[in-house]
Structures are given as structure tokens and as C-alpha cells.
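build me a structure from this.
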Amino acid sequence: MIKVPEILTGMTPDPVDQARRLAYDRFPDALAVILAGSTAAGRATASSDLDIAVLIGDGGETCRETIRFEGRVVELFIHTRAGLVDLFAADIAARRAVLQSMYATGLILIDTNGEARRARALAEADLRKGPPPLEPETVETKRYGLTDALDDLADTGDHIERLAVAGFVLSAAADLLCDYQHAWIGGGKWLPRRLLQADAELGAALLEAHLHLCKSGDPGPMVNAASGILNLVGGPLREGYRRTWRGVIESVATASGR
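Below is the predicted model of the structure:
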């Protein structure tokens, strides 16, 4: 029987099947291959990329690579055993646990001698432990930066500037709330997901307030929502703030968001 090409049938290739073909075609000797992201969660669309973690032998190279396979963009996270340990440690230090989440929740495509299951157990242990808390000095600096941004949000009459400041307020307040709740942080589409996981009530209030500001230009609800989060970690901080630089000197904009 002649196989009709999928492109001619109008059918979209199954992304999980594509991931399996890529795994066995490109990484036949892999110790473990994990499909993560929206595809593993069953939320993939025709344009979704494939997020794939690949554990290889110790003689290989730890790297990240973006390719296109059968018309679909693929993000490859390739690592040796030692590389995986280093990447797990880096993700913990960044308080994001991206790779841990991939291993803990992804779909196992290849599991040589139980390597994927062992890596999954390590990832799950990291996720259960949670991120390291921010240092008190760092929390203080973030409080100062958010306080300053809230003043700008209330004061500026320029709609475009207000939107820009609101983006900073959302990120800064989410960071402080996640730290307060001992929860992992996220960026991009993972910011609202991690924020709601950290605190469903306060997280939703902040996100709804940001949406309200973007639609109406009214900063009031966002000022209130972010101020509530500030109060959890010591309240607004203006006068009395003092920062001493040690080691690498960062821009003053790091503290203030300017």
C-alpha cells in the first residue's frame, strides 16, 4: 500500500510520535530521553515546539541546541550525568528548577537501565525541597525597587511608561511572593503559572490587576495588589535604605528598576 505523505492529507503529525522518531533517529545510544513541555502535558498545538531532555554518556558534550525536525522546532537539552548534576544545581540557584520540572513531569521516551527513572527521582527530590530563600539583603533591595516602581506607577501620566512600569511591578512582586511562599519562580508564560502555584489568591489578584491596568490604564488595583505583597515581606522601603557594594559592582538600576 502506498503511504500518502502527511502534508498531502492535511493531517498534522502527532508531536509525541515525532519526538520518539527524533529520539531513536538522532540519539540511539542515549541513556535517557524525556519529552517535556506542552506536548507531554497534552496541550500541544500545531505550532508548539518540542522540549526534549537527553541524557548521554560521560564522553559526550553538555549543550543546548535548537533544531527543526519534520517541520517542527525542537529545543534539545543535552547533558552527561555530570552535566545534569551541574544543570540541576544551576537551576536551583536561579530558583527556577526548569530542568527538574522537565524530568519530573515529562514523558519518558528512552530509559536505558533505569537512567531516566533515577534522574527523575533526583529531580522530584529537588522540587520537594523547594528553592533556596533569598538573602535578607536581597529581599531588602527588591523591596526598595518595588516601592520605587509603585511610586512611578502611581505618578506617571504617560500610558506607555505606565505599561512598562507595570511589567516591572508584576515581575518584582511575583518574585517576592514566590520567595515568601518558598516557591519556584518562572519567566514568560511560566511567570503566571508559578505565581498561581505559589499563592492562588494573591497571585490571581496581582495578575488580574495587571490585566486591568493594560486594558484600562487604571493603576489602582495593581498598586493595591503589589502593596499587599510588599506588606508580607516588611512593607514599602524608601528612606533608610542603604546598600554597600562588595565584589562586583552592579548598576544602580538593578535596585530601582530605572
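
quick one, strands of this protein?
32-36, 50-55, 63-69, 72-79, 107-111 (DSSP state E).

and the gap between the residue nearest the centre of the chain and residue 43?
The centroid of the chain falls nearest to residue 186 when counting by Cα atoms, centre = their mean (3.1 Å). Applying Cβ to Cβ, to the nearest Å, the value for residue 186 to residue 43 is 16 Å. For the C-beta atoms, the positions are set from N, CA and C on the backbone; glycine is no exception.

how about the residue nearest to the centre of the chain: what's its closest non-neighbour residue?
Nearest residue to residue 186, sequence neighbours excluded (Cβ to Cβ, 6 or more residues apart in numbering): residue 194, at 3.7 Å.

how much space separates residue 62 from residue 33?
Counting by Cβ to Cβ - residue 62 and residue 33 are separated by 15 Å.

again with residue 58
17 Å.

looking at the two, which is more packed in?
residue 33 (28 against 9; other Cβ atoms under 10 Å).

hey, what's the more buried one bridged with?
Beta bridges link residue 33 to residue 54, residue 110 when assigned by DSSP bridges.

for burial, what's the neighbour tally of the residue nearest to residue 19 when sequence neighbours are not counted?
Nearest residue to residue 19, sequence neighbours excluded (Cβ to Cβ, 6+ apart): residue 35, at 4.5 Å. Close neighbours of residue 35, defined as other Cβ under 10 Å, add up to 22.

try residue 70
Number of residues near residue 70 (other Cβ under 10 Å) recorded here: 14.

check contacts around it.
Going by Cβ atoms under 8 Å, 6 or more residues apart in numbering, residue 70 touches 13, 18, 21-22.

need the phi and psi values for it.
In terms of degrees, to the nearest 10, the main-chain angles of residue 70 are phi 50, psi 40.

wait, residue 97 sits on residue 125?
No. The criterion here is Cβ atoms under 8 Å, and residue 97 misses it with residue 125 at 11.2 Å.

give me the more crowded residue out of these two.
Between residue 97 and residue 125, counted using other Cβ under 10 Å, the more crowded position is residue 97 (23 against 12).

what's near enough to touch the more buried one?
91, 126-127, 131, 184.

which of the residues you listed fall in helices?
91, 126-127 (DSSP state H).

got a list of what residue 64 touches?
75-78.

can you check residue 173 too?
Residue 173 touches 146, 206, 225-226, 229-230, counting by Cβ under 8 Å, 6+ apart.

please repeat the previous calculation with a cut-off of 10 Å.
142, 146, 149-150, 195, 202-203, 206, 209-210, 222, 225-230, 233 (Cβ atoms under 10 Å, 6 or more residues apart in numbering).

count residues in the vicinity of the closest residue to residue 119 other than its chain neighbours, would you?
The spatially closest residue to residue 119, leaving aside those adjacent along the chain, is residue 103, at 5.2 Å (Cβ to Cβ, 6+ apart). Counted with other Cβ under 10 Å, the neighbours of residue 103 add up to 28.
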